[in-house]
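# Provided below for reference: sequence and predicted model.
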Amino acid sequence: MCGTGPRAQPGGVIELRNLTKRYGDTLAVDDLSFRVEPGRVTGFLGPNGAGKSTTMRMVLGLDTPTSGEALVDGGRYVDLPRPLTRVGALLDAGAVHLGRSAYNHLLALALSNDLPETRVAEVLEQVGLAGVARRKAGGFSLGMKQRLGIAAALLGDPGVLMFDEPVNGLDPDGVRWIRHLMRGLAGEGRTILLSSHLMSEMALTADHIVIVGRGRLVVQATVSELTERYPSLEEAYLELTAASLEYGANR
Ligand SMILES: Nc1ncnc2c1ncn2[C@@H]1O[C@H](COP(=O)(O)OP(=O)(O)OP(=O)(O)O)[C@@H](O)[C@H]1O
């Protein structure tokens, strides 16, 4: 549970080994290798089309690598028993059954994954949606859908969590809530991989940064290493990805 101190088990490591994904002529992910460690927030940055979502999809077994591997604790996601208890993810907040209530959306997920129904109310409370649990998700704002997607990611109480642009559509209060949630989850020893284009927010939220450009690793460093070398994380990002942007359209 979030906010209850360190977990008995650390979160687990996400490891990419020479991960590559080609869609026709597009090299979406190009020989990418890095590790995401427990107990910290790892910010996953890169220009539009750099391959962040594709990488996350491959970790979740939603896309098959052309070559290389995406592993969680040394194994593939598809081979994990009860995977929702090991890895949770928010990739696309729109991916909810719009005719279902928030409660029933999560209940269906819990039942089909052999998770206790008691978790549904717990995660709705954790994301601040307890008061609208019986309302249909189709009527939710983007920010509320983001919260519902985060609730789904937390349902199995997993040690590894990936969030693809969870801040999208959130008001300032929501943005701050996400920051505290991410920091809290990492503080419990979980492994957090978080993508966002909001550099100032990322500087406040992440401990470690991985930047990709044109599918390749550009740099991995701590936030403090980058902000010591550059005036800000935003400056570091813009300078380090300038080449990736320049040639981005010609891959
Ligand atoms: N299913 C697909 N079929 C063909 N091309 C794809 C597919 N999914 C992604 N791509 C291409 O792969 C590249 C990487 O896309 P991806 O969505 O992973 O980037 P991203 O870093 O998440 O971008 P953004 O910041 O815009 O979300 C892009 O050129 C994209 O058009």
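Sure thing, it's come through.
# so L154 sits against G88, correct?
Yes - here L154 reaches G88: they are 5.8 Å apart, a contact under C-beta atoms under 8 Å. To be clear about C-beta, it is placed using only N, CA and C from the backbone, and glycine gets the same treatment.
# where do the contact lists of these two overlap?
L161 (C-beta atoms under 8 Å, 6 or more residues apart in numbering).
# this structure: helices as residue ranges?
For the chain, applying DSSP state H gives helices covering 52-59, 102-112, 118-126, 142-154, 172-187, 199-205, 223-229, 233-246.
# among those, which comes closest to D92?
For the helices of the chain, proximity to D92 was assessed by C-beta to C-beta; helix 142-154 is nearest, at 7.6 Å.
# what residues sit buried inside that closest one?
By neighbour count on 16 or more other C-beta atoms under 10 Å, the buried set for helix 142-154 is G143, M144, K145, Q146, R147, L148, G149, I150, A151, A152, A153, L154.
# quick one, it and helix 118-126 angle?
140 degrees (axes from the mean of the first three to the mean of the last three C-alpha atoms, to 10 degrees).
# output helix 142-154 as PDB - backbone C-alpha positions only.
Taking C-alpha atoms only, helix 142-154 is exported to PDB below (Å, rounded to 0.1, in the frame of the first residue of the first chain):
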ATOM      1  CA  LEU A 142      -9.100  13.400 -19.000                       C
ATOM      2  CA  GLY A 143      -7.700  14.100 -15.500                       C
ATOM      3  CA  MET A 144     -10.200  11.700 -13.900                       C
ATOM      4  CA  LYS A 145      -9.400   9.000 -16.600                       C
ATOM      5  CA  GLN A 146      -5.700   9.400 -15.800                       C
ATOM      6  CA  ARG A 147      -6.500   8.800 -12.100                       C
ATOM      7  CA  LEU A 148      -8.600   5.700 -13.000                       C
ATOM      8  CA  GLY A 149      -5.700   4.400 -15.200                       C
ATOM      9  CA  ILE A 150      -3.400   4.900 -12.200                       C
ATOM     10  CA  ALA A 151      -5.900   3.100 -10.000                       C
ATOM     11  CA  ALA A 152      -5.800   0.100 -12.400                       C
ATOM     12  CA  ALA A 153      -2.000   0.100 -12.400                       C
ATOM     13  CA  LEU A 154      -2.000   0.000  -8.600                       C
END
